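K.L.:
Mind folding the following:
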Amino acid sequence: MSKKLIRLLVGVALTVAVAYALATHMDKVRANVSQRDSIQYWAAGKLLVRRDNPYDVKSTVELEWEQGYAQSRPVLVRTPPWSLFLFLPLGLVNAFWGWVLWMAASAASLILAMRLSRNMFQKSDELRSVFLFVGYLFAPVLACLEAAQIGFVLLIGIVLFLYFEKERPFLAGAALALPFAKPHLLFFFWLAFFLWIVLRKKFAITGGFVTAVAAVTILALIFDPGAFQHYREMLRTAAIEGEFIPTVSGVLRLIFFRPYFRAQFIPLLLGFIWCMWFCIKNMWNWSWRDHGLTVMVISILTTPYGWLTDDVVLLPAVLFAAMCVFGSKQKFRLPTRIALVVFGFLNWLMLMLVAAKIPLQSGIYFWSSLLWCAWYFYGRHRGSASHKVQPTQLSAVS
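P.N.:
Below you'll find the predicted structure:
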């Protein structure tokens, strides 16, 4: 029996199993829909379809209450108007089918991102099982699926850009409209991107990006002409400065500068100085599958506002590091084995925290970005030492 046929049969079996599980637990699933973050996307989509304000607190919480949401404070969409097109299809159906559509799109994005990343970073078929194991057991993947968050949409946009950047630049630029839904999350990625398109005169990619962002913005304004004004009002009343954000920046502020919200931006400022130096040094031999991954990792490490579910955008960087480690010609000596055990255990620990339904707002997750950063640079170091990966992928970081 051919491998393709086996994969097809496995895929069919998994699809049937998922469909059966949904059918047999339909009542429980329906009851839990209001506890997932997809409820905010559905509510925003429903308000857009009605030509109402998708950022309105009162309208949003009323819709969520109707679906069984039990808290007085709503979960509200906080992404800019050019991201609203993502939620429009959800507004055409009820909350349950909105969740089903969102989860189907998330699963498809994850699978496609894994396939494209495999084409970019997997250098040997012998490493296929390692690649799949590392990718699908990456803790933010489970967190994003559990919360029904937007992370996979951001991820597939990044992966499509990395994949098509050289051969299909217009499409690559257009794909970046997806991660631009949360521009603050990958701040240094965007800084490097804008420096790159200006200094390297990447007109096709610029055209794709501008066209896509303009198109989805116009679509949002058709349904809500006051979208930008509504967005500004939401930000003004959101009182984000009073929230605890489980990031390195948030914890540092909590410990040392609790009353000072601006202190949360100190790591971002330090990262900005590093990013400018890094971009200037590497701009003329810039590789998005190398330098781009680095600025993404540092962006997540220093972001003042982010969650474990957002870390899923680092999946390409984590996979790249895994291929550097396991594709190395060097034998796994004791220090390497210890490092693998430590990284594996910490990722497993985070998986257990997510599986135990520890709230993502808890400070217990703040160290996630430190772990991914350490794994990424450890992988780069192993790859550089073994000369296994091509030089264009492993230029010096220092």
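K.L.:
Give the rounded mean pLDDT of the helix or strand hosting A113.
P.N.:
Element membership for A113 (DSSP states H and E) is helix 95-121. What helix 95-121 shows for mean pLDDT is 92.
K.L.:
helices or strands up against the helix or strand that it is followed by?
P.N.:
As assigned by DSSP H and E, the chain's next helix or strand after helix 95-121 is helix 128-136. Counting contacts by 3 or more Cβ pairs under 8 Å, 6 or more residues apart in numbering; DSSP states H and E, helix 128-136 is packed against helix 95-121, helix 315-326. Yep, even glycine has a C-beta here, placed from its N, CA and C like the rest.
K.L.:
quick one: the residue nearest in space to the middle of the chain from K201, how far?
P.N.:
Most central in the chain under Cα atoms, centre = their mean is V313, positioned 3.1 Å from the mean C-alpha point. Between V313 and K201 the computed distance is 27 Å (Cβ to Cβ, to the nearest Å).
K.L.:
re earlier: may I see the buried residues of the helix holding A113?
P.N.:
Neighbour-count burial for helix 95-121, counted by 16 or more other Cβ atoms under 10 Å, picks out 95-96, 98-103, 105-106, 109-110, 112-114, 116-118, 120-121.
K.L.:
Check which helices and strands it sits against.
P.N.:
helix 38-49, helix 128-136, helix 139-147, helix 151-164, helix 315-326.
K.L.:
Check the offset of stretch 274-294 from the chain's centre.
P.N.:
20 Å (Cα atoms, centre = their mean, to the nearest Å).
K.L.:
That should have said stretch 324-340, apologies.
P.N.:
Worked out by Cα atoms, centre = their mean, stretch 324-340 lies 28 Å from the chain centre.
K.L.:
got the CA coordinates for that stretch in CSV?
P.N.:
Extracted in CSV, the C-alpha atoms of stretch 324-340 (Å, rounded to 0.1, in the frame of the first residue of the first chain):
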residue,chain,number,x,y,z
CYS,A,324,19.3,22.6,13.2
VAL,A,325,19.6,20.5,16.3
PHE,A,326,18.5,17.1,14.9
GLY,A,327,20.0,17.6,11.5
SER,A,328,23.4,18.2,13.0
LYS,A,329,26.3,15.9,12.0
GLN,A,330,27.5,16.1,15.6
LYS,A,331,26.6,13.3,18.0
PHE,A,332,24.3,14.2,20.9
ARG,A,333,26.8,14.6,23.7
LEU,A,334,25.8,14.9,27.4
PRO,A,335,25.3,18.7,27.4
THR,A,336,23.1,18.5,24.2
ARG,A,337,21.0,15.6,25.7
ILE,A,338,20.5,17.6,28.9
ALA,A,339,19.5,20.7,26.9
LEU,A,340,16.9,18.6,24.9
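K.L.:
Can you tell me the closest non-neighbouring residue to G45?
P.N.:
With Cβ to Cβ, 6 or more residues apart in numbering as the criterion, G45 has its nearest non-adjacent residue at 3.0 Å, and that residue is G91.
K.L.:
Let me see the contact set for the one you found.
P.N.:
42, 44-50, 98 (Cβ atoms under 8 Å, 6 or more residues apart in numbering).
K.L.:
Weed out the non-buried ones from those.
P.N.:
Of those, these count as buried by 16+ other Cβ under 10 Å: 42, 44-49, 98.
K.L.:
and which of those residues is nearest F256?
P.N.:
A44 (36.2 Å; Cβ to Cβ).
K.L.:
so what's that closest one scoring on pLDDT?
P.N.:
93.
K.L.:
That one against L86, yeah?
P.N.:
No: look at A44 against L86 with Cβ atoms under 8 Å: they stay out of range, at 9.0 Å.
K.L.:
returning to that earlier point: let's have the helices and strands packed on helix 95-121 in CSV, adding distance to W372.
P.N.:
Shown next, in CSV, are the helices and strands packed on helix 95-121 (distance: least, Cβ to Cβ, whole Å):
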stretch, distance to W372
helix 38-49, 25
helix 128-136, 12
helix 139-147, 8
helix 151-164, 13
helix 315-326, 6
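K.L.:
Ok, which of those helices comes nearest S249?
P.N.:
Closest among those, using Cβ to Cβ: helix 139-147, at 17.8 Å.
K.L.:
orientation of that closest one relative to helix 128-136 in degrees?
P.N.:
50 degrees (axes from the mean of the first three to the mean of the last three Cα atoms, to 10 degrees).
K.L.:
got the contact list for helix 139-147?
P.N.:
Against helix 139-147 from outside (Cβ under 8 Å, 6+ apart): 36-37, 103, 106-107, 110, 135, 149, 151-152, 308-312, 314-315, 347, 350-351, 354-355, 357, 360, 368.
K.L.:
now the residues you listed: which count as buried?
P.N.:
Buried among those by 16+ other Cβ under 10 Å: 36-37, 103, 106, 110, 135, 149, 151-152, 308-312, 314-315, 347, 350-351, 354, 360, 368.
K.L.:
follow-up on the earlier one: show me the one of the helices and strands packed on helix 95-121 that comes nearest D56.
P.N.:
Short answer: helix 38-49, nearest of the helices and strands packed on helix 95-121 by Cβ to Cβ, at 6.9 Å.
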